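Colleague: Sequence first, then the predicted structure:
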Amino acid sequence: NDSDPTELTIAGSNLYFRAVDGASAVDDAELWVSESPFTDAVKLTTFAGDSQIDNLHTTDSEILFTASEDNASTNGIYKTDGTVDGTVRLRGGIPNGDEPDFNNLYANLGDYIFFVMDWTQGNYELGKELWVTDKELNGTHIVSDLFLGGSDGVLDHDDFAQLGSSLIFVGTNGTNGAEL
């Protein structure tokens, strides 16, 4: 069977990738790690159904990624250190289509990673807002809902700058227009 490896990502001395397990009856891609191209790869995840692993992003020697949760209509943010036991969910319950895009990650400030995510939960919609993770359980949350309601508080999610220990971006609260 064709393993169809994609999203090749290096963190530390490990190669991470998404691939189909040829032994599986279902062609669901999972996350794999290999210490070198000449060693056997280890499957890090075994999700039920189509895991839709995506958005692999390197943070020092770890990887952040998104995956669907039990083939449901929600996604989770996960991290892995390259071991099965070190592959854990940081935040769940993210509606499909609202997951962060770590490929457009904005800043690694010390132990914190900032990103933009469009979030809807029940009848409450945030729009595109700034989020942060410290890569620990329960450490992923919105920084601030700049523009209350469903409008975008972060206006240009491709235009971020790091100045010392500060993150600078263009946002709005809906009253004052675009500001730094």
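Modeller: Structure's in. What do you need?
Colleague: From now on I want contacts and neighbour counts done on CA atoms only, so please keep to that.
Modeller: Fine.
Colleague: Now for residue 161, how many residues are close by?
Modeller: Using other C-alpha atoms under 10 Å, the number of residues around residue 161 comes to 13.
Colleague: distance between the helix or strand containing it and the chain's centre?
Modeller: Per DSSP states H and E: residue 161 is located in strand 160-163. Distance of strand 160-163 from the chain centroid (C-alpha atoms, centre = their mean, to the nearest Å) equals 20 Å.
Colleague: neighbouring strands for that strand, and are they parallel or not?
Modeller: Strands that pair with strand 160-163, judged by DSSP bridges, come out as strand 166-169 (antiparallel).
Colleague: Show me what counts as buried in the strand it pairs with.
Modeller: Under the neighbour-count criterion of 16 or more other C-alpha atoms under 10 Å, strand 166-169 has residue 169 buried.
Colleague: Kindly provide the whole-number mean pLDDT of the strand holding residue 161.
Modeller: Across strand 160-163, pLDDT averages out at 80.
Colleague: Any buried residues in it, and which?
Modeller: Using 16+ other C-alpha under 10 Å as the test for burial, strand 160-163 gives residue 160.
Colleague: Could you write out the alpha-carbon coordinates of that strand in CSV?
Modeller: Coordinates of each C-alpha in strand 160-163 appear next as CSV, following Å, rounded to 0.1, in the frame of the first residue of the first chain:
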residue,chain,number,x,y,z
PHE,A,160,3.1,40.6,12.8
ALA,A,161,6.4,41.8,14.3
GLN,A,162,8.4,40.8,17.3
LEU,A,163,10.2,43.7,19.1
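Colleague: Can you get me the start-to-end distance on stretch 56-67?
Modeller: Taking C-alpha to C-alpha, to the nearest Å, stretch 56-67 runs 10 Å from one end to the other.
Colleague: no no, stretch 133-153
Modeller: Taking C-alpha to C-alpha as the measure, stretch 133-153 stretches 18 Å from start to finish.
Colleague: and for it, what are the contacting residues?
Modeller: For stretch 133-153, contacts defined as C-alpha atoms under 8 Å, 6 or more residues apart in numbering pick out 79, 89-91, 111-114, 124-132, 154, 171-174.
Colleague: at 6 Å instead, please
Modeller: 90, 111-113, 125-132, 171-174 (C-alpha atoms under 6 Å, 6 or more residues apart in numbering).
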